[in-house]
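J.: Here's my sequence, what's the structure:
(one chain, ligands or ions: 1)
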Amino acid sequence: MKMHKRAVLDEPLICERGSPGRVGYSLPADDLPDRDINRDLPVDLCRETLERFPEVSEAEVVRHFTRLSQWNFSAATTLYPLGSCTMKYNPVVNEVAARLLGLAQLHPLTPDDCAQGALALLADLEQCLAEISGMDAISLQPAAGAQGELTGMKLIRAYHVDHGCPRKKVLIPGSAHGTNPASAALCGYSVVEVPTGSAGMLEAETVVKFVDADVAALMVTNPNTLGLFEREIMQITEALHAQGALVYMDGANLNALMGVAKPGHMGADVIQFNLHKTFSTPHGGGGPGAGPVGVKKVLEPYLPNPRLVQQDGQYLWSDAFPQSIGKVRSFYGNFGVLVRAYAYILAMGGDGLTQATRMAVLNANYIRKRLEGTYDLASDAPCMHECVFSDASFKHSSVKTLDIAKRLLDYGFYAPTIYFPLVVSGALMIEPTETETKETLDEFVDALLAIAYEVRTSPEALKNAPMTTPVSRLDETRAARHPVLRWGKG
Ligand SMILES: *Cc1c(COP(=O)(O)O)cnc(C)c1O
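T.: Have a look, this model is predicted:
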């Protein structure tokens, strides 16, 4: 197995470059009189000196940031198997669409009658998402998956309040993403953990025992975070509905369903879409995302205001929904992200989305099969779009899941999600997505097999991984506990 080789150019801080008086632009002299800056700005806001202010040329700036960008792993440079996050390729056509002047420069306060094209785009996107998910109505407002969850739980609470009582509890499986219990708790519910069965799936028989008149909803992820399809989902959602409770389905794993199965057919009353995952808009690094929610008719009256309606052939934003939970975000959501997702859906078409789902599931099962004799699978069942391994195969050695993840960086791959889901000891959660070719999948598997060999032959060396990256193993908590926020001062 050849170690991945790449040029890593040493790069100082930008303030360590340059020379006094050097500038990044050169404009012809103008004939305007000089003006004292203190006449325009309050004196106390103006600094006398700017210590170590970078004085650099334009080329130095471009090279500095281009080099720094090479220090990072991204879906644009390597397979990025971060389970649950669906780090698929972001097609460039999305970017072209989002940069169209009429869309990119549209002011959010533009009167509705001057923005009909943009509103038609949003209305069409709502319809596409309703069709893909089998839900009745959509709000594009929430800005992330977690905010979609919070919105969905607020809708559920508003529904129960309207029906006499908000109820007290929300049922959540132990394998759930941390944002699920957080969203339920923020809406005033106490969280009751439902155990998953030995096969890693929920069992209707068990769930039923937890359902009573105090239960407001079940929050369920399907496929779940072990990458397994919840086979008893129909009996489970029926049991909830029989007690007047609702079902929140976490739609973050829609990349295993779209074009093949619909949450709306499984008894979900509300779901969120993570457009930055399934629908290929860029994410990571805290950038903007979008977490629209889809609901069944029973929850539609409570959707966030304003909602997009059609009147006399014109689209307009309407606040005329008195039962609405109100706004959850400024204006109408992250419009640029919505445009990218819409471009993706149109470019793929229904058949393309189905094909993407199939490829994502096939790729995950290919990795699962090739690794199963070497790493310990968390479940024997075939997986959907991601496969999860435990640390059982190397638990006897000094090696930890973290060491394996760090070592992958030396082989030129980003690491899988680790230590999640919590129900699996030392979990390694791999989601290749449909993006990758068989050759890339093979290289990735070969790297993990080579690391398994290192676990047996030189376990202590793995403690120092990564060894070929610009910085080696970092102290995971020190940056958070003792942040250095000021240049030159410890
Ligand atoms: C990513 C994810 C979320 C949260 O979505 P964000 O867009 O990151 O806020 C919730 N549930 C699951 C299963 C996820 O993978």
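J.: all helices in the protein, in order from the N-terminus.
T.: 58-70, 92-98, 101-104, 116-133, 145-162, 179-186, 204-210, 233-242, 335-371, 401-410, 438-457, 459-462, 478-481 (DSSP state H).
J.: so where's the stretch 201-350 of the chain uncertain?
T.: 286 (pLDDT under 70).
J.: what do you get if the cut-off is 80, keeping everything else the same?
T.: Counting by pLDDT under 80, the ranges of the stretch 201-350 of the chain that qualify are 284-287.
J.: Within range of the ligand, give me the residues from it.
T.: Within reach of the ligand by C-beta under 6 Å from any ligand atom, the stretch 201-350 of the chain has these residues: 221, 225, 250, 252, 274, 289, 291. Heads up, the C-betas are built off the backbone N, CA and C, glycines and all.
J.: ok, of the residues you listed, which one's closest to residue 199?
T.: Nearest to residue 199 among those is residue 225, at 14.3 Å by C-beta to C-beta.
J.: show me what contacts the closest one?
T.: 84, 175, 176, 177, 253, 388, 420, 421, 429 (C-beta atoms under 8 Å, 6 or more residues apart in numbering).
J.: related to what we said a few turns ago, what's the most distant pair in the residues of the stretch 201-350 of the chain next to the ligand?
T.: 225 and 289 (18.7 Å).
J.: ok, and the closest non-adjacent residue to the residue of the stretch 251-400 of the chain found nearest the ligand?
T.: Per C-beta to the nearest ligand atom, residue 252 is where the stretch 251-400 of the chain lies closest to the ligand, at 3.2 Å. Once flanking residues are discounted, residue 252 sits nearest to residue 274: 4.9 Å by C-beta to C-beta, 6 or more residues apart in numbering.
J.: what about the longest strand in this structure?
T.: Across the chain, the longest stretch assigned as strand under DSSP state E is strand 215-221.
J.: wait, doesn't residue 302 sit right on residue 324?
T.: Yes - Residue 302 is within contact range of residue 324, at 6.2 Å (criterion: C-beta atoms under 8 Å).
J.: Specify which residue of those two has the higher count of neighbours.
T.: Taking other C-beta atoms under 10 Å, residue 302 and residue 324 do not tie; residue 302 has more neighbours (24 against 18).
J.: Report the buried residues of stretch 161-178.
T.: 166, 167, 169, 170, 171, 172, 173, 175, 176, 177 (16 or more other C-beta atoms under 10 Å).
J.: Excluding sequence neighbours, find me the nearest residue to the fourth one.
T.: Of all residues not flanking residue 170 in the chain, residue 184 sits nearest, at 3.9 Å (C-beta to C-beta, 6+ apart).
J.: about what we covered before: by pLDDT, rank the buried residues of stretch 161-178 and give me the bottom one.
T.: Within the buried residues of stretch 161-178, residue 175 has the lowest pLDDT, namely 90.
J.: where are the low-confidence patches of the stretch 351-490 of the chain?
T.: Applying pLDDT under 80 to the stretch 351-490 of the chain flags residues 476, 484-490.
J.: now do 50
T.: By pLDDT under 50, the weakly predicted segments of the stretch 351-490 of the chain are 489-490.
J.: Can you give the strand pairings for the longest strand of the chain, parallel or anti for each?
T.: Applying DSSP bridges to the sheet, strand 215-221 is found paired with strand 169-173 (parallel), strand 246-250 (parallel).
J.: Return the distance of it from the chain's centre.
T.: Its chain's C-alpha centre and that of strand 215-221 lie 21 Å apart, by C-alpha atoms, centre = their mean, to the nearest Å.
J.: and if you look at stretch 215-228?
T.: Here the centre of stretch 215-228 is set off from its chain's centre by 17 Å, with C-alpha atoms, centre = their mean.
J.: can you give me the end-to-end distance of that stretch?
T.: 25 Å (C-alpha to C-alpha, to the nearest Å).
J.: before we move on, what about stretch 312-332?
T.: 22 Å.
J.: wait, what's in contact with the closest residue to the ligand within the chain?
T.: Closest to the ligand within the chain is residue 145: 2.3 Å, counting by C-beta to the nearest ligand atom. By C-beta under 8 Å, 6+ apart, the contact set of residue 145 is 179, 250, 251, 252, 272, 274, 277, 289, 291.
J.: Could you give the number of residues near residue 485?
T.: 5.
J.: what are the phi and psi values for it?
T.: Reported as degrees, to the nearest 10, the phi and psi values for residue 485 are phi -100, psi -10.
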